[in-house]
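Engineer: dropping the sequence and predicted coords here.
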Amino acid sequence: MERTDIEEDESFIKWSGKMVIELKYSGTNTYLVRGTDGSILFDTGWAGSFPQFCRTLGEAGATVQEIRYLFISHFHPDHMGIAQEIADCGVKIVTVDVQRAHIHDADRVFAKEGNCLYRPIVDEDVCVISCGESRLLLKECGIVLSCKLDAPAPCRLDAPDFDVARWGSADCLHQHQQVI
């Protein structure tokens, strides 16, 4: 993957290439972050949107097979509704340890709605990591950051088409900034 217009400092990397692709299909901010050795998908859409997800992914020139990890920011129905369908394609679901207790929060919402398209996440398909471990996950996919892997300050992906500040609550935002 070629990156252009790179400016680096101690904790940020900026680029103008299409390393980060916003996938617009379900009303949720869903992003594909492409690395040299695989991609990471950030969040999904509502239950029942898997066909639209696949179509939008294809229109972006990507495939489910290139996705190594699905990172779920938080477990609201619109951010994880098709997570298990994506995991069934060989993608590993990843979340940070502070979200561990919430993995099945949306199950009750979908059950109350009677949403028969929703498939609950299989616990064995989830990898729970600490915020510090997330940099290794990025490196594994060939996503290069300008900071050192063991640097105490958070590394952030800062791209024109990837705005972390648009995600979730203040607690989630804090975790996102540390995770990335």
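Structural biologist: That came in fine, so what should we check first?
Engineer: where does the protein have low pLDDT?
Structural biologist: Applying pLDDT under 70 to the chain flags the ranges 1-18, 144-180.
Engineer: how about the helices in it?
Structural biologist: Assignment of helices within the chain using DSSP state H yields the ranges 50-59, 77-80, 83-87, 105-113, 134-140, 170-179.
Engineer: make a markdown table from those helices and add mean neighbour count and distance to Tyr69 to it.
Structural biologist: Every C-beta, even on glycine, is put in place using the N, C-alpha and C of the backbone. Formatted as a markdown table, the helices of the chain follow (neighbours: other CB atoms under 10 Å; distance: least, CB to CB, whole Å):
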| stretch | mean neighbour count | distance to Tyr69 |
| --- | --- | --- |
| helix 50-59 | 16 | 15 |
| helix 77-80 | 22 | 14 |
| helix 83-87 | 22 | 10 |
| helix 105-113 | 14 | 19 |
| helix 134-140 | 17 | 6 |
| helix 170-179 | 17 | 12 |
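Engineer: can you put those helices in TSV and add distance to Ile40?
Structural biologist: Shown next, in TSV, are the helices of the chain (distance: least, CB to CB, whole Å):
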stretch	distance to Ile40
helix 50-59	13
helix 77-80	15
helix 83-87	12
helix 105-113	21
helix 134-140	7
helix 170-179	11
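Engineer: of these, which is nearest Val98?
Structural biologist: helix 170-179 (6.0 Å; CB to CB).
Engineer: hey, what's Ser67 bridged with?
Structural biologist: Careful, residue 67 is Ile and not Ser. Ser39 (DSSP bridges).
Engineer: name all residues that make contact with Cys123.
Structural biologist: Just so we're on the same page, residue 123 is Asp rather than Cys. Ile103 (CB atoms under 8 Å, 6 or more residues apart in numbering).
Engineer: neighbours of Arg119, how many?
Structural biologist: Arg119 has 16 neighbours, counted by other CB atoms under 10 Å.
Engineer: next one: it from Gly48, what distance?
Structural biologist: 10 Å (CB to CB, to the nearest Å).
Engineer: now do Cys141
Structural biologist: From Cys141 to Gly48 the distance is 28 Å (CB to CB).
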